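1. model this:
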Amino acid sequence: MKIPKISVLMTIYNHESYLKYSINSILKQSFKNWELIAIDNGSTDNTKKVLKSFRDKRIKKIFLKKNIGRTNCLNYGLDFCRGEYIAIQDSDDISLPLRLEKQLQSFNKNQDLYLVATNCQLVNERNKIVKKEYINYKNKNLRELLYKNIIAHSTVMYKKSLISKVGKYPRNFKYAQDYAFYLKVFKKFKIFIIQDTLLKARLPHENSETFRVSKTKIMINEKLQLIKWSSNYLRPTTIEKLRLFIEYYINVIKKVILF
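-> Purely as a prediction, here's the structure:
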């Protein structure tokens with residue numbers, strides 16, 4: 001069997017209403033040499049039925065009996081990826097047709113790149129665009145990663161070799177595992193963000209990870225951990241140290257007020 005150039009990794013939990021749109025967006029990609037590692041992470045709705053309905057041989061379907069958490073599921077899925085590159089696709093998001101092709105072009109143009117992300121649109125539960133630009137990358141400095149996550153996980157593609165260099169997604173993060181991973185990469189390797197809009201990202205909804213943890217301390221606690229990590233390992237300038245200090249205490253205040 002032909003080895004795929006790109007492995008698309010998709011973890012799924014109770015996304016029966018969105019899954020067919022997400023998988024179809026991969027099937028419609030202009031670049032065809034891919035595999036889709038689709039892992040049903042113990043869903044309790046009709047996700048399993050929807051996933052089984054797809055017959056394309058490039059889709060590898062894995063069904064877990066119980067939910068093992070998103071971070072563990074991502075790390076589990078990485079072991080099945082055979083491609084030279086790994087692209088992430090959340091099971092409620094939609095890749096535009098040129099996404100994989102354009103990201104691969106970026107890697108081919110610059111061999112020093114290790115992770116490539118893209119701009120994206122925001123859509124609601126009815127697939128209606130609610131905001132054209134997720135982030136205006138033209139005005140973004142990647143050093144802003146020290147303070148906040150400016151990269152949507154579903155826009156990310158990275159070299160598989162990164163895993164042996166920086167490790168998998170940090171297991172101690174339940175929500176911000178993607179942000180923690182980016183920071184590890186940013187410490188040692190070059191990241192690039194394509195300014196083209198190549199993805200439709202779903203706004204938080206009742207079956208999204210963001211919604212499930214939004215009313216807990218998890219998000220704030222993990223943000224505080226990552227601010228400390230950036231302060232210790234990313235050599236912040238004096239101005240950046242000030243911004244990190246401010247960001248840290250804003251989150252401390254939020255924690256006190258909300259909880």
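2. hey, let's count contacts and neighbours off CA atoms from now on
-> OK.
3. What ranges does the chain have for its helices?
-> Assignment of helices within the chain using DSSP state H yields the ranges 19-27, 47-52, 70-78, 99-109, 162-166, 177-188, 209-213, 218-233, 238-258.
4. Counting residues, which strand of this structure comes out longest?
-> strand 190-202 (DSSP state E).
5. Paired strands for that strand, with orientation please.
-> Using DSSP bridges, the strands paired with strand 190-202 are strand 94-95 (antiparallel), strand 113-123 (parallel).
6. Buried deepest among the ones you listed, which one?
-> With neighbours defined as mean count of other Cα atoms under 10 Å, these peak in mean count at strand 94-95, which reaches a mean of 27.
7. Give the rounded mean pLDDT of that one.
-> Computed over strand 94-95, the mean pLDDT rounds to 97.
8. Tell me how far it lies from the chain's centre.
-> Here the centre of strand 94-95 is set off from its chain's centre by 12 Å, with Cα atoms, centre = their mean, to the nearest Å.
9. For stretch 29-36, give me every contacting residue.
-> 4-10, 58-60, 83, 96-101 (Cα atoms under 8 Å, 6 or more residues apart in numbering).
10. Of those, which belong to strands?
-> Among the contacts of stretch 29-36, the residues falling in strands (DSSP E) are 6-10, 59-60.
11. Check the burial of the spatially closest residue to C81 that is not a sequence neighbour by counting its neighbours.
-> With sequence-adjacent residues excluded and distances taken as Cα to Cα, 6 or more residues apart in numbering, C81 is closest to S7, at 5.5 Å. Counted with other Cα atoms under 10 Å, residues neighbouring S7 total 26.
12. partners of S7 in the sheet?
-> Applying DSSP bridges, one finds that S7 bridges with E35, I86.
13. And it, what's its pLDDT?
-> 98.
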